[in-house]
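> coords please:
(2 chains)
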Amino acid sequence: MKILKVVAISKWSLIFAALWLVAACAEQPKGKEEPANDPAAETPADDRTDEDEERLSQAKKLFFALPSPIETASLLKKAGATYDQEVLNGHTNVSNYQTISKKALNLGVYGADLSYSSIFEQTQQCLEYIKSARMLAAELGIANAFNPEVMERFESNISDRDTVMNLISEVFWSANSSLKATESSNIAALILSGGWVEGLYIASKMVDMENPNEQIIKRIAEQKFALENLLQLMEMYEDGDILKETHQDLKELKALFDNLDEAKADGPATASVNEETGVTTIGAKRELSISPEQLAAISEKVGAIRGKYVE
Amino acid sequence: MKALAQLFLVLVVSIASFSDAGAQCKNFTKRKCIPQMAPYINNGQYNGATLFEGETASVMMTFYSGQDYRLIVCSQDILKGTYFEIKDEDGNLLYTNKDKDSDVWDFNVASTQQLMVEVTVPQTSTHDVKNSGCVSILVGFLE
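Coordinates of the predicted model:
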């Protein structure tokens, strides 16, 4: 009888221990989820400032989005840009990138080059850039974004521009979401940074100062807004050294964009709906202007930054 | 031995049931939300989060003149009455789907500008424990 009682107690002890272990390992309630590596999150609650608390309360639920490389390429083509393979990063440079930050930045760069090549239906270049991007993705732990099924769809549809563009978006969405789901948002931020810098660099190379294309120049000036968002995004996920250098580069570039003149309409923007199509148009609000000197300064700066990333 | 095997089974089942909410939100977005984007092209960025009733999610982004856009705000059914508002940089309300049936909004802008998309999950549950679920904000453009 005594032996049975001991066994019964032991069994229940094991069950209670197991339940305790499960509770300890279970995901914490998602009240106010704090971003990984946020200094405010690591600060004891008693020591946090009002600014820390506000930032924490907002950080999880506030996103900053950038134009995708596909959209940037689309804007350039609509503005009259042409294809120039010489301005793109060589796909064979992929083996040069050894650090995580270089791999992430250049995955973004190759994403932009792939987007630009796809918009201009350069199928062979697209295939090369997909391979280089896949290699970097694997090294960053997001190989599933370029899984065999996706690669086969790329190859089977390489001549279908619309399908390729959708696949590029699908692949980068998958990579972006995987990184965020595994709390590697700093890597995701680097990829976005590399892609944005490459897009701006390509745009700057499309400008012929002897015969300037005002539409392309306008699109370059408008990158001021995207850069503001990119910096805000980086500041949310800043983690030690991995984002520090890129963050500094982009701040220096922002200082040049801050010199641009901006004309804002009085009063708030308006919204009107086309009854036939159901499409809403948000009314005019602001216009940016950029001088040739400002354009030259921005072009030189982005060229230097980009050169550092792809070497 | 049998008790240990049973214990192991309990552990495995319990841990599996607490799988990562981030991955679940991503899968929900891919399965339920992205298909609504066609023929627009997704901008390739994941803006999703698990929200509780009473919480808000926002995304700030640049929209370019000459482009046509589609915004989709996708939420799990448990988050009843989820709606979005579009505000300019100064916080002025430009559009809301609060009294409309659709979570999809097609639009364009007369001049390139920053807009804030703000999604709110209203408090609807009557008990103390608030419902939570995935909310995703997707943007696409027409090529």
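
> Please give me every residue in contact with residue A:311.
When contacts are counted by CB atoms under 8 Å, 6 or more residues apart in numbering or on different chains, residue A:311 touches residue A:96. C-beta coordinates here come from the backbone N, C-alpha and C atoms, glycine included.

> any chance you could map the helices in chain A?
Along chain A, the segments classed as helices by DSSP state H run A:2-25, A:39-42, A:50-59, A:69-78, A:100-119, A:123-139, A:148-156, A:161-181, A:185-205, A:214-237, A:241-257, A:292-310.

> Next, the buried residues of the last one.
Put plainly, it is helix A:292-310. The neighbour-count check on helix A:292-310 (16 or more other CB atoms under 10 Å in any protein chain shown) flags A:294, A:295, A:297, A:298, A:299, A:301, A:302, A:305, A:306, A:309, A:310 as buried.

> Report the separation between the fourth one and chain B.
When you say that, I think you mean residue A:298. Residue A:298 sits 16 Å away from chain B, taking CB to the nearest CB, to the nearest Å as the criterion.

> Okay, and the beta partners of residue A:286?
residue A:264 (DSSP bridges).

> That one and residue A:260 touch, don't they?
No - here residue A:286 does not reach residue A:260: they are 11.1 Å apart, not a contact under CB atoms under 8 Å.

> just to revisit the earlier point, now the helices of chain A as CSV including mean pLDDT and distance to residue B:60?
Output for these, formatted as CSV (pLDDT from 0 to 100; distance: least, CB to CB, whole Å):
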stretch, mean pLDDT, distance to residue B:60
helix A:2-25, 42, 36
helix A:39-42, 35, 20
helix A:50-59, 47, 12
helix A:69-78, 94, 16
helix A:100-119, 97, 20
helix A:123-139, 96, 27
helix A:148-156, 94, 30
helix A:161-181, 90, 17
helix A:185-205, 95, 14
helix A:214-237, 93, 6
helix A:241-257, 95, 16
helix A:292-310, 98, 22
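
> Tabulate those helices in CSV, adding columns for distance to residue B:111.
CSV is the format used below for the helices of chain A (distance: least, CB to CB, whole Å):
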stretch, distance to residue B:111
helix A:2-25, 52
helix A:39-42, 36
helix A:50-59, 28
helix A:69-78, 14
helix A:100-119, 23
helix A:123-139, 33
helix A:148-156, 36
helix A:161-181, 25
helix A:185-205, 19
helix A:214-237, 9
helix A:241-257, 17
helix A:292-310, 19
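
> count of residues packed around residue A:123?
15 (other CB atoms under 10 Å in any protein chain shown).

> Now tell me what touches stretch B:28-41 from outside.
Applying CB under 8 Å, 6+ apart, the contact partners of stretch B:28-41 are A:68, A:70-71, A:165-166, A:169-170, A:173-174, A:177, B:42, B:46, B:48, B:68-70, B:72, B:74, B:76, B:104, B:134, B:136, B:138, B:140-143.

> make it 6 Å
Stretch B:28-41 has contacts (CB atoms under 6 Å, 6 or more residues apart in numbering or on different chains) with A:165-166, A:169, B:48, B:70, B:72, B:74, B:134, B:136, B:138, B:140-143.

> One more: stretch B:118-135?
By CB under 6 Å, 6+ apart, stretch B:118-135 touches B:25, B:28, B:50-58, B:73, B:75-76, B:78-85.

> One more pass at 8 Å, please.
With contacts defined as CB under 8 Å, 6+ apart, stretch B:118-135 is touched by A:30, B:21, B:24-25, B:28-29, B:48-58, B:73-87, B:137.

> Which positions within that stretch qualify as buried?
B:118, B:119, B:120, B:121, B:130, B:131, B:132, B:133, B:134, B:135.

> Stretch A:73-88 now?
Within stretch A:73-88, the residues that count as buried by 16+ other CB under 10 Å are A:73, A:74, A:75, A:76, A:77, A:78, A:79, A:81, A:87, A:88.

> do that stretch and chain B meet?
Yes - Stretch A:73-88 is in contact with chain B by CB under 8 Å from any CB of the partner chain, via A:74, A:75, A:78.

> With distance to residue A:122 added, can I get the residues you listed in a markdown table?
Formatted as a markdown table, the residues of stretch A:73-88 next to chain B follow (distance: CB to CB, whole Å):
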| residue | distance to residue A:122 |
| --- | --- |
| A:74 | 15 |
| A:75 | 18 |
| A:78 | 17 |
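
> could you pull out the strands for chain B?
Assigned by DSSP state E, the strands in chain B fall at B:41-42, B:48-52, B:56-63, B:68-75, B:83-88, B:93-96, B:104-109, B:113-120, B:132-141.

> Can you give me the first-to-last residue distance of stretch A:137-146?
End-to-end distance of stretch A:137-146 (CA to CA, to the nearest Å): 8 Å.

> Roughly how far does the most centrally placed residue in chain A sit from residue A:232?
Compute the mean C-alpha point of chain A, and by CA atoms, centre = their mean the closest residue is residue A:192, 2.3 Å away. According to CB to CB, to the nearest Å, residue A:192 and residue A:232 sit 12 Å apart.

> How about residue A:184?
For residue A:184, the distance to residue A:232 equals 19 Å [CB to CB].

> cool, and residue B:81?
Residue B:81 sits 29 Å away from residue A:232, taking CB to CB as the criterion.
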